[in-house]
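> return a 3D structure for these sequence lines:
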Amino acid sequence: MKPIIYIRGAVENSYIEAITFELKTQIVALIKTLYLYSPQYGLNAIEWLKTGLIDAPTRFILDVELEVMSIKRNLSRSEPSGNDTDDDKED
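Model prediction:
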C-alpha cells in the first residue's frame with residue numbers, strides 16, 4: 001500500500017510544482033509588463049481622462065450649437081416673406 005501512496009504523493013507534488021511554476025511565471029510576466037509598458041499605460045490613461053473631461057463636453061456643446069444653427073436656418077427658409085402675407089389680408 002505504501003508504494004501507491006508514494007506514487008500518489010509524487011503525482012500530487014508534480015501537479016503542485018507545475019501549478020506553482022505557472023503561477024510564478026505569470027507573476028514575473030505581469031511585473032515585467034508593468035515595468036516595460038507603464039509609461040505607455042500612463043499616457044493612455046491621461047489621454048482617456050482628457051478625452052472624457054475636455055473633448056467630450058466640448059464636442060457635445062459644438063453639436064448643440066450646430067443643431068441650433070440648423071434649426072434657425074430651416075425656420076428662416078420656411079417663413080413667408082412680408083409681401084406674401086400682406087396680399088392675403090383683406091381689410
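> what's stretch 18-36 in contact with?
Here stretch 18-36 makes contact (CB atoms under 8 Å, 6 or more residues apart in numbering) with Y41. From N, CA and C alone the C-beta is placed, and that goes for glycine too.
> for the residue most central in space within the chain, which three-state class applies?
Centroid-nearest residue in the chain: W48, 7.7 Å away (criterion: CA atoms, centre = their mean). Of the three states, W48 takes helix under DSSP: H, G, I helix; E, B strand; the rest coil.
> quick check, pLDDT for it.
Looking at W48, its pLDDT stands at 95.
> what does D91 give?
47.
> tell me how many other residues crowd V64.
Residues lying near V64 (other CB atoms under 10 Å) number 10.
> again with the one 3 residues further on
Counted by other CB under 10 Å, the residues lying close to E67 total 10.
> in what helix or strand does it lie?
helix 56-78 (DSSP states H and E).
> and that helix, how far from the chain's centre?
Centroid separation for helix 56-78 versus its chain: 27 Å, with CA atoms, centre = their mean, to the nearest Å.
> only the C-alpha atoms, please, for it, written as PDB.
Provided in PDB are the C-alpha atoms of helix 56-78 (Å, rounded to 0.1, in the frame of the first residue of the first chain):
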ATOM      1  CA  ALA A  56     -16.400  65.000 -25.000                       C
ATOM      2  CA  PRO A  57     -18.200  68.000 -23.400                       C
ATOM      3  CA  THR A  58     -16.700  70.400 -26.000                       C
ATOM      4  CA  ARG A  59     -17.900  68.100 -28.800                       C
ATOM      5  CA  PHE A  60     -21.400  68.000 -27.200                       C
ATOM      6  CA  ILE A  61     -21.600  71.800 -27.000                       C
ATOM      7  CA  LEU A  62     -20.500  72.100 -30.600                       C
ATOM      8  CA  ASP A  63     -23.100  69.600 -31.700                       C
ATOM      9  CA  VAL A  64     -25.800  71.500 -29.900                       C
ATOM     10  CA  GLU A  65     -24.700  74.800 -31.500                       C
ATOM     11  CA  LEU A  66     -24.700  73.200 -34.900                       C
ATOM     12  CA  GLU A  67     -28.200  71.900 -34.300                       C
ATOM     13  CA  VAL A  68     -29.400  75.400 -33.200                       C
ATOM     14  CA  MET A  69     -27.900  76.900 -36.400                       C
ATOM     15  CA  SER A  70     -29.600  74.200 -38.500                       C
ATOM     16  CA  ILE A  71     -33.000  74.900 -36.900                       C
ATOM     17  CA  LYS A  72     -32.600  78.700 -37.300                       C
ATOM     18  CA  ARG A  73     -31.700  78.200 -41.000                       C
ATOM     19  CA  ASN A  74     -34.700  75.900 -41.600                       C
ATOM     20  CA  LEU A  75     -37.000  78.300 -39.900                       C
ATOM     21  CA  SER A  76     -35.700  81.300 -41.900                       C
ATOM     22  CA  ARG A  77     -36.300  79.300 -45.100                       C
ATOM     23  CA  SER A  78     -39.900  78.300 -44.200                       C
END
